[in-house]
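Visitor: take a look and give me a structure for this.
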Amino acid sequence: MQTAIREYLNEVTCRREEVEVFLDTKKPNWAKFDPELGYTLRDNIMKDGVDGSRTIGSFQKSGERRMINYADRPCRINTYGDSFTHCDQVSDGETWQECLAAHLGEPIRNFGIGGYGVYQAYRRMLREEEGPLAAQYVILNIWGVDDHLRSIDASRWLRVAEWLRTKPGHLYMFSGNPWVHVRLDLNTGRLVEEENSFNTPESLYKLTDPEFVYEHFRNDLVVKLLVAERNGATADLEELDALAKSLNVKTDLSSPEATAATARAVHLQYALRTGTYIVEKAQAFARGKNKKLMILLSYDSGTVMRACHGLPRPDQILVDFLKEKNILFFDALTEHVNDFKAFNLSPHEYVDRYYIGHYKPQGNHFFAFAIKDALVNWLEPKPIAYRQGSETILLWPNG
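Guide: Reported below is the predicted structural model:
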């Protein structure tokens, strides 16, 4: 297996130019280095919007995406998550947070970062909620199953480098470098939190040395699973079988194809299990700080299409956990399926209404109003738009 691991890691070893451009603050990079979270975002204009348009993303000095609607009012809601929280592929005023802010009459702060997993978003939440922008109401948005896979990546780059390198201008989109992440202690079944081993800009240059990358990551569990998923014939069958049994995953090692499928199932189950523990930690943090927590479950277009076809959801373990623990959550997948039934469209035609990879502006509008009632019911006092006795602007609180 080590030969296959070496070949895989050689393919995804960073090129020196990729690191140099990422660390050069004079380049028009999408992201910038962060010693804990790997990276955060910079002001940018991207040609990735609806109808071939460019989208404008800008950030406050304090780190959150620029607020527009009621930005001068006190903010009591902070949102955390990945690109579906940040709202990639739309401009600043077209996010679901801004749709809601305009409707509710109060601002909503956006700390989303494209590419983050559940754990990285949680760590961003810990950072911000201890600072001057802390809020009483905290939303953690979890996108499909990939957010869980990202949580256990020591470096997401190792998993997605081949894909990222196919994107136009990929040098300016470098991200997924090492960050804080989690693993499971398979003896106790509990979460193990790992700090970033590459927490200085200079340390990233080590990732351009194939021999260093091999020695550092060759025993990494996720790397082993990725290699097994690519070619089951290279898998360590004894190790994979033991891991599958510890996670109650059905094992089939009868052929390379079956072994690869088992590795994929183990990888996903391992990641989803960590997701439940991270949510549990977020809930404990919120309670300890007298905050209110809501989990939002959002999804990619492929998952929505499959659900509209009546196929089972891939994250049932998380939904069951949220119900069992009585954690407040909103499920956008169910909302999309119900909305689909109102149209005479195929599932593919339906998702085209809302998605261009991420949500279009129309998709963010749908998502905003899908979660609106849950948000209004959650907030106390109610937003000005839903508060009795708010018939005139003269009654605006704190005004």
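
Visitor: C-alpha from now on. contacts and neighbour counts both.
Guide: Fine.

Visitor: what residue ranges in the stretch 251-399 of the chain score low on pLDDT?
Guide: Residues of the stretch 251-399 of the chain that meet the criterion pLDDT under 70 lie in 390, 392-399.

Visitor: can you give me the buried ones in stretch 39-59?
Guide: For stretch 39-59, burial by neighbour count (16 or more other CA atoms under 10 Å) applies to 39-42, 48-50, 54-59.

Visitor: from those, which ones fall inside helices?
Guide: Cross-referencing these against helices under DSSP state H gives no overlap.

Visitor: greatest separation within those residues: which pair is it?
Guide: 39 and 50 (26.2 Å; CA to CA).

Visitor: now the residue most central in space within the chain: how far from residue 389?
Guide: The chain has residue 82 as the residue nearest its centroid, 3.4 Å off, counting by CA atoms, centre = their mean. Look at residue 82 and residue 389: by CA to CA, to the nearest Å, they are 37 Å apart.

Visitor: cool, and residue 322?
Guide: From residue 322 to residue 389 the distance is 36 Å (CA to CA).

Visitor: between the two, who's got more neighbours?
Guide: residue 322 (17 against 9; other CA atoms under 10 Å).

Visitor: secondary structure element holding that one?
Guide: helix 316-324 (DSSP states H and E).

Visitor: give me the contact list for that helix.
Guide: Contact with helix 316-324 is made by 272, 273, 275, 276, 328, 329, as judged by CA atoms under 8 Å, 6 or more residues apart in numbering.

Visitor: rewinding a little: residues in contact with the residue nearest to the centre of the chain?
Guide: 112, 113, 114, 115, 116, 117, 121, 141, 142, 143, 147.

Visitor: what's the first-to-last distance across stretch 102-113?
Guide: End residues of stretch 102-113 are separated by 22 Å (CA to CA).

Visitor: ah, wrong one, I meant stretch 351-368
Guide: First-to-last distance for stretch 351-368 - CA to CA - comes to 16 Å.

Visitor: do the same with stretch 251-261
Guide: 9 Å.

Visitor: pull out the buried residues from that stretch.
Guide: Buried residues in stretch 251-261 (16+ other CA under 10 Å): 251, 252, 253, 256, 257, 258, 259, 260, 261.

Visitor: ok, so of the residues you listed, who is nearest residue 357?
Guide: Once CA to CA is applied, the member of the buried residues of stretch 251-261 that ends up nearest residue 357 is residue 261, at 26.0 Å.

Visitor: circling back: ranking by neighbours, what's the top pick from the contacts of residue 82?
Guide: So for these (other CA under 10 Å), the most neighbours sit at residue 116, 30 neighbours.

Visitor: ok, that residue - contacts?
Guide: Per CA under 8 Å, 6+ apart, neighbours of residue 116: 81, 82, 83, 147, 150, 151.

Visitor: cool, and residue 286?
Guide: So residue 286 contacts 138, 292, 293 (CA under 8 Å, 6+ apart).

Visitor: surely the first one and residue 81 touch.
Guide: No. Contact between residue 138 and residue 81 fails when scored by CA atoms under 8 Å: they sit 11.0 Å apart.

Visitor: more crowded one of the two?
Guide: residue 81 (30 against 23).

Visitor: if we can go back for a sec, could I get the buried residues of stretch 39-59 as a markdown table with pLDDT?
Guide: Formatted as a markdown table, the buried residues of stretch 39-59 follow (pLDDT from 0 to 100):
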| residue | pLDDT |
| --- | --- |
| 39 | 98 |
| 40 | 98 |
| 41 | 98 |
| 42 | 97 |
| 48 | 96 |
| 49 | 98 |
| 50 | 97 |
| 54 | 98 |
| 55 | 98 |
| 56 | 98 |
| 57 | 98 |
| 58 | 98 |
| 59 | 98 |
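
Visitor: of all these, which comes closest to residue 180?
Guide: residue 39 (10.9 Å).

Visitor: can you pull the pLDDT of the residue lying closest to that closest one once chain neighbours are set aside?
Guide: Nearest non-adjacent residue to residue 39, counting by CA to CA, 6 or more residues apart in numbering: residue 33, 4.4 Å away. We have a pLDDT of 98 for residue 33.

Visitor: ok so, going back, out of the contacts of residue 286, which sit inside strands?
Guide: 138, 292, 293 (DSSP state E).

Visitor: ok so, going back, among the contacts of helix 316-324, who's most crowded?
Guide: Busiest of the contacts of helix 316-324 [other CA under 10 Å] is residue 275, holding 27 neighbours.

Visitor: many thanks, we can stop here.
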